[in-house]
Every structure is written in structure tokens, then in C-alpha cells.
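Student: What shape does this take:
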Amino acid sequence: MKKNQDIRRILCLIGQLIVKIIYKKLHKTNKDNKLTRNSSIIYRSDSVLKRDKLFLNQNLQIGKLAKEVGTNRTYLSRSIKSIKGTTFADYINFHRIAYAKEYMMNYSKAKTDSTINNMTSYLTSYKTNARGNSKCYSKSNSISSTTIDDLAIVSGFGSKRNFIRYFKKIEGITPGQYMKGLMVRQK
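Tutor: Next up, the predicted model:
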């Protein structure tokens, strides 16, 4: 009789252990699925931003990007926070800074190859190629305040101040310092 009770108690403990293992496995799977869904949203978001250059729109709203990605704004915001660890504004500004850096690298190479004579004319052609329109810029042979203003607008920022602030936040230096460093490396 005592043997039967011991066997039942052991079977009961084994059953409880199995239930706990299954519960933990299912709970972990749900977390993994959520992480996978969030990663998928961010991957699609990055792809849309790079392909369509939506970040160039100074007034880009999370709802517009969410619609392009095929989700809702709340889920996109949570995915950005979960995967990237940042806000929507910082996420978009990161893409804008990457675009500005790409522009500056291309300009630096073109300047070294002597295919252009100043940043202003290059900025005009770069903006025309990127957005299909152009704007008249003042002449400049160096990185002037006007050129930084123009680069800020071309990159999707509303002002030079915000552009410099975010650039420094992400890169640790100002856009002017970054460009000067590129020019030195290209020589």
C-alpha cells in the first residue's frame, strides 16, 4: 500500500514537472515568435526606408511608414523600441544621418577625383538625383554654414540645428568635422 502511494506521488511530481516544462517551452516560443515578428517589421521598415527614401520627408509620420510596412503605428513603434531600443524619431534620424554620411563620402571621393569643383554644385546634383528636383545653392568651396543648411534639408531635417545635434549624437562629431576628416583621408 505504501509502495502504491509512493508511486502515485512520484507520478504526480513527474506530471507536474512535465506541465511546467511544457508551459515554459510554450512561453519561450511565444516570446521568440514576438521577437521574430518585431524583427520582421523592422526588416521591412528598413527596406522601405532605404528603397523609397521616406526619411527624406521632413514631416514623415509613423502612421505613413506603418502603412507602407503593412502594420499599425502602435506595433511599429513597439517593434522599433523592442529591436532598436530607440524611439521612432531617433530611428528615422539615424537613417537621415546615414544618408548624409553617404552623401559626404561620395562628395569626398568626387572631389578627390576632380570631377567637381565645389560642394554646392555636387549638392545640387545629388539632391536632383535623390528627389528628382533641384534648388539653387550659393557657391562655396568649403563646408560653409549654407552648405550644412542645404545638406540638412536634403537629408530630411527641418533645420541645420537639428541636423548638427543628431549628427553629433550619433557620430560624436559635427558634420563639418566629419567632412574635414573624410577630405584628409582622401588625400
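Student: quick check: mean pLDDT across the lengthiest helix in the chain?
Tutor: Counting by DSSP state H, the longest helix found in the chain is helix 2-52. For helix 2-52, mean pLDDT is 77.
Student: chain center to it: distance?
Tutor: Computed by Cα atoms, centre = their mean, to the nearest Å, the chain-centroid distance of helix 2-52 equals 30 Å.
Student: Counting by contacts, list what it packs against.
Tutor: Contact partners of helix 2-52 among helices and strands, from 3 or more Cβ pairs under 8 Å, 6 or more residues apart in numbering; DSSP states H and E: helix 62-69, helix 73-79, helix 88-112. Backbone N, C-alpha and C define where each C-beta goes, glycine included.
Student: now those helices in CSV, with mean pLDDT?
Tutor: Below are these laid out as CSV (pLDDT from 0 to 100):
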stretch, mean pLDDT
helix 62-69, 96
helix 73-79, 95
helix 88-112, 89
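Student: do you know which of these lies nearest Asn38?
Tutor: In terms of Cβ to Cβ, the element of those nearest to Asn38 is helix 73-79, at 4.1 Å.
Student: related to what we said a few turns ago, the longest helix of the chain to helix 88-112, inter-axis angle?
Tutor: Counting by axes from the mean of the first three to the mean of the last three Cα atoms, to 10 degrees, helix 2-52 lies at 50 degrees to helix 88-112.
Student: Helix 2-52 vs helix 62-69, what angle?
Tutor: Going by the same axes, to 10 degrees, helix 2-52 makes 100 degrees with helix 62-69.
Student: Between the helices and strands packed on helix 2-52, which one is closest to Arg185.
Tutor: helix 88-112 (7.8 Å).
Student: List of residues touching the closest one?
Tutor: Contact with helix 88-112 is made by 49-50, 53, 55-56, 60, 62, 65, 76-77, 80, 84, 86, 116, 119, 122-123, 126, 151-152, 154-157, 163, 166-167, 170-171, 175, 178-179, 182-183, 185-187, as judged by Cβ atoms under 8 Å, 6 or more residues apart in numbering.
Student: cool, stretch 176-185 as well?
Tutor: 101, 104-105, 107-108, 111, 143, 148, 167, 171, 173.
Student: of all those residues, which comes closest to Val19?
Tutor: Glu171 (52.2 Å).
Student: Which pLDDT value belongs to that closest one?
Tutor: Per-residue pLDDT puts Glu171 at 94.
Student: Now stretch 86-98: buried residues?
Tutor: Across stretch 86-98, burial judged by 16 or more other Cβ atoms under 10 Å covers 88, 91-97.
Student: my bad, should have said stretch 68-79
Tutor: 68-69, 71, 76-77, 79.
Student: how close does the residue nearest to Lys84 when sequence neighbours are not counted sit to Glu68?
Tutor: Once flanking residues are discounted, Lys84 sits nearest to Tyr91: 5.7 Å by Cβ to Cβ, 6 or more residues apart in numbering. Distance of Tyr91 to Glu68, given as Cβ to Cβ, to the nearest Å: 14 Å.
Student: Understood, closing this out.
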